[in-house]
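Asks: got a sequence here, can you build the structure:
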Amino acid sequence: MSYRRKPHGLAAPFALPLGFALLLAVGTVAAMLGGRLPALGVLIACAAIAGVVSFAAEPVSAPVLALIGWLTTVGFSRPPYADLRPTGPMAARAAIAIAACALAGAGLGMLYRWCAARFTLVGMSVSPGSGPAVTPGHGGGRTQPGQPVHPYLEPARKSGLAGAIDTRRRLYGAALALAFIPLLTLVLVAARPSLDPADDLLIYLVVVVAAALVGGFWPAVLAAVAASFLVNWYFTPPLHNLSIGEPRNLLALVLFVTVAVTVSSVVHLAARRAQQAASSRDEASSLLTLAQTVLGGADTPAAVLDHLTSTIGGRAELLEQVAGRWVRVAASGDPDAMDGATRIEVRPDLALIVAEHSELAGPGLLVGFAAQSAAALDRERLRTQAAQAEALAEGNRMRTALLAAVSHDLRTPLASIKASASSLRQTDVEWTAADQAALLATIDDNADRLDAIIGNLLDMSRLHTGSLEPFLRPTAIDEVAPVALRGLDAPVDLQIEVPDGLPLVRADPGLLERVLANVFSNALRHSPSSRPPVLRARPSGDRVVLDVVDHGPGVPDRLKDRIFEPFQRLDGQHGGVGLGLAVAKGFAEAMGGTIAAVSTPGGGLTIRMTLPVAVVGTTSVLGA
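Replies: Numbering: from 1, shown residues only. Here you go, the predicted model:
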């Protein structure tokens, strides 16, 4: 992930103390040489320092560097090193030369940094300019690939050193300097006989530090420069003149400005560190909340983007490049908020677009959300692939079981039908009427058995492929249960106990009949002849409970869930492919019901099914 940096130079809180120290060194060397360094040499040195530092620094630093360089040149160009002589010929030439060097250095520095940012990836190496197309219908103007979406400049600028203290505080600091410096001058002028210039400078330094604490770096620089001129005018002999009578006074003024600017830089940097700490804390808190959200299960790309927009506002979109086109995978926020979009590339084919977000959202926070969005997308696709693989495995298991069932359970009735039919067709055997009836009965019974097996196989296939579409409507249990009982192979003995006034259930009558028929068949198969099974129905809140009770051998608790799985025959004795209860469970759940196995008191098994109570007068079609 990456972005291009705004072409900023060395911050003023760093550049100005460095420039002041270098200019002070030039003045000190000139004074120590006692005139052996010519005025042109001092001018060249000061102009070079102003130009080089202005080249490396923010453009706003150039005027201040030029001013201090001019003062150094005028004060240290020739002995005596105390007379500033701001109106002399050297002062005019120095002003023109140093101003030209400072402005040229600032201009060349801006040009160099712009070219470096334009043609070189800086930072984390993601070009903001290769943004995907954002169509008008998806919330914003159209931006073609290869055009800049938003070079992530404004948030970087506001999070830099210039933005460490807000505008209101800077105005307060400037107001404090403009108010207290003249007032303090009046007080010190009145107390001048009792104070030395060094004392005055220390008192002024207190106001400069106060301006730095309130307004940051630039109000403190303003206060320092104003205080140095006032000290020179009112407290440094000769008074009411910019000339300085003693070298130590000039050195004191230069040191005062240097110390004041350095202290202001330290205060400003401390404010910047505090802002960075607060921003990092907020980012860490937001990323921690995101991690908790993802670990809590909400790890889809949409959930991650929802958390992002709820944290920083605006609009967020996750785009993926598919077949040469950018396709939106997930989105969150106001669809119309796509002005000033920031693009963060997760990888060449995946990008996060964030628009109109809070200025407090730094690159680290956006990069973290981009990475989590990509990871959530990958996890979602892995889950889909795992589900597909599981479905394929289940299909393979079912096909294997089906082949086993076809190889045995379907061949048994077919063999019986074939043998009986072949026997009836024999011409060399005289069959009695009773024998013929028995053979025909065998054919009929095995055909019914074969029909039931194939019906269950087809029903399970419908459930497995998801093609079952129940037609749900109010249905009476006492109407469907007798029909299901009559649809069994032979006359059966099963009691139906349905109380009067039992609410109608919301079900598909055809599916409910198949469910009851399969459950009845299972209960009859395992019930002793002396104790036939019973169907009991009762209301329970907004549902109706159906219990099919038998008193057979029962099923152990550990196997109760297995009896509803396809191709399960726990006793291994009866015919069929073990699909009856599996089909019953699938149909019951497709109608919004439940089915489970519980133990019958006194021995046996109870199949308990619940169905929702119907609201009379409403029907609906639901696809499973």
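Asks: following element in sequence after the lengthiest helix in the chain, please.
Replies: Ranked by residue count, the top helix of the chain under DSSP state H comes out as helix 247-295. Beyond helix 247-295 on the C-terminal side, the first helix or strand identified by DSSP states H and E is helix 301-312.
Asks: could you list every helix and strand that that next one packs against?
Replies: When contacts are defined as 3 or more Cβ pairs under 8 Å, 6 or more residues apart in numbering; DSSP states H and E, helix 301-312 packs onto helix 247-295, strand 315-322, strand 325-333, helix 363-405. All C-beta spots, glycine's among them, are computed from the backbone N, C-alpha and C.
Asks: pick the most buried one from those.
Replies: strand 315-322 (a mean of 22; mean count of other Cβ atoms under 10 Å).
Asks: mind listing the strands it pairs with, and their directions?
Replies: Under the criterion DSSP bridges, strand 315-322 sits next to strand 325-333 (antiparallel), strand 350-355 (antiparallel) in its sheet.
Asks: just the C-alphas of the shortest one, formatted as CSV.
Replies: Taking only C-alpha atoms (Å, rounded to 0.1, in the frame of the first residue of the first chain), the coordinates of strand 350-355 have been written out as CSV:
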residue,chain,number,x,y,z
LEU,A,350,-7.5,-4.9,-5.1
ALA,A,351,-7.9,-1.3,-3.9
LEU,A,352,-9.7,0.5,-1.1
ILE,A,353,-11.4,3.9,-2.0
VAL,A,354,-12.2,6.2,0.9
ALA,A,355,-13.9,9.6,0.3
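Asks: the inter-axis angle of that strand versus helix 363-405?
Replies: What separates the directions of strand 350-355 and helix 363-405 is an angle of 130 degrees, with axes from the mean of the first three to the mean of the last three Cα atoms, to 10 degrees.
Asks: any idea how many residues pack against residue 193?
Replies: The local packing count at residue 193 equals 5, with neighbours defined by other Cβ atoms under 10 Å.
Asks: change the start of the numbering to 29 and stick with it
Replies: New numbering, starting at 29: the last item is residue 221.
Asks: quick check: the gap between it and residue 231.
Replies: When distances are taken as Cβ to Cβ, to the nearest Å, residue 221 and residue 231 turn out to be 15 Å apart.
Asks: do a quick rundown of the helices in the stretch 29-178 of the chain.
Replies: Remark: helices assigned in the stretch 29-178 of the chain by DSSP state H, counting those that start in this stretch are 40-61, 67-84, 90-104, 117-147.
Asks: contact partners for the residue lying closest to residue 51 once chain neighbours are set aside?
Replies: In space, not counting the residues next to it along the chain, residue 51 is nearest to residue 100; the distance is 4.5 Å by Cβ to Cβ, 6 or more residues apart in numbering. The neighbourhood of residue 100, defined by Cβ atoms under 8 Å, 6 or more residues apart in numbering, consists of 51, 52, 54, 55, 70, 74, 282.
Asks: for residue 105, give its distance to residue 79.
Replies: Residue 105 sits 18 Å away from residue 79 when distances are taken as Cβ to Cβ.
Asks: what's the answer for residue 341, then?
Replies: 44 Å.
Asks: among these two, which residue is more densely surrounded?
Replies: Under the neighbour definition other Cβ under 10 Å, residue 341 and residue 79 were set side by side, and residue 79 has more, 24 against 17.
Asks: put the alpha carbons of stretch 118-129 into PDB.
Replies: Extracted C-alpha coordinates of stretch 118-129, given in PDB (Å, rounded to 0.1, in the frame of the first residue of the first chain):
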ATOM      1  CA  MET A 118      26.800  47.300   2.300                       C
ATOM      2  CA  ALA A 119      23.300  46.900   3.800                       C
ATOM      3  CA  ALA A 120      21.600  47.500   0.500                       C
ATOM      4  CA  ARG A 121      23.800  45.100  -1.400                       C
ATOM      5  CA  ALA A 122      23.400  42.500   1.400                       C
ATOM      6  CA  ALA A 123      19.600  42.800   1.400                       C
ATOM      7  CA  ILE A 124      19.400  42.300  -2.400                       C
ATOM      8  CA  ALA A 125      21.900  39.400  -2.500                       C
ATOM      9  CA  ILE A 126      20.700  37.500   0.500                       C
ATOM     10  CA  ALA A 127      17.000  37.900  -0.400                       C
ATOM     11  CA  ALA A 128      17.700  36.700  -3.900                       C
ATOM     12  CA  CYS A 129      19.600  33.600  -2.600                       C
END
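Asks: buried sites along it?
Replies: 118, 119, 122, 123, 125, 126, 127, 129 (16 or more other Cβ atoms under 10 Å).
Asks: right, and the fourth one touches residue 98 too?
Replies: To tie it back to what came earlier, the one meant is residue 123. Yes. Using Cβ atoms under 8 Å, residue 123 and residue 98 qualify as a contacting pair, with a distance of 5.4 Å.
Asks: quick check, pLDDT for the most centrally placed residue in the chain.
Replies: With distances taken as Cα atoms, centre = their mean, residue 332 lies nearest the centre of the chain, 3.0 Å away. Predicted confidence (pLDDT) at residue 332: the value is 78.
Asks: pull the number of nearby residues for residue 49.
Replies: 13.
Asks: low pLDDT regions in the stretch 329-478 of the chain?
Replies: For the stretch 329-478 of the chain, applying pLDDT under 70 flags the ranges 364-368, 384-390, 423, 425-438.
Asks: may I see the buried residues of stretch 118-129 arranged in CSV, with pLDDT as well?
Replies: Conversion of the buried residues of stretch 118-129 to CSV gives the following (pLDDT from 0 to 100):
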residue, pLDDT
118, 77
119, 81
122, 87
123, 88
125, 91
126, 91
127, 91
129, 92
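Asks: ok, those vs residue 295, which is closest?
Replies: Checking the buried residues of stretch 118-129 against residue 295 with Cβ to Cβ, the nearest one is residue 126 at 28.1 Å.
Asks: is it correct that the residue nearest to the centre of the chain is in contact with residue 400?
Replies: Yes. At 5.1 Å, residue 332 and residue 400 qualify as touching, with contact defined as Cβ under 8 Å.
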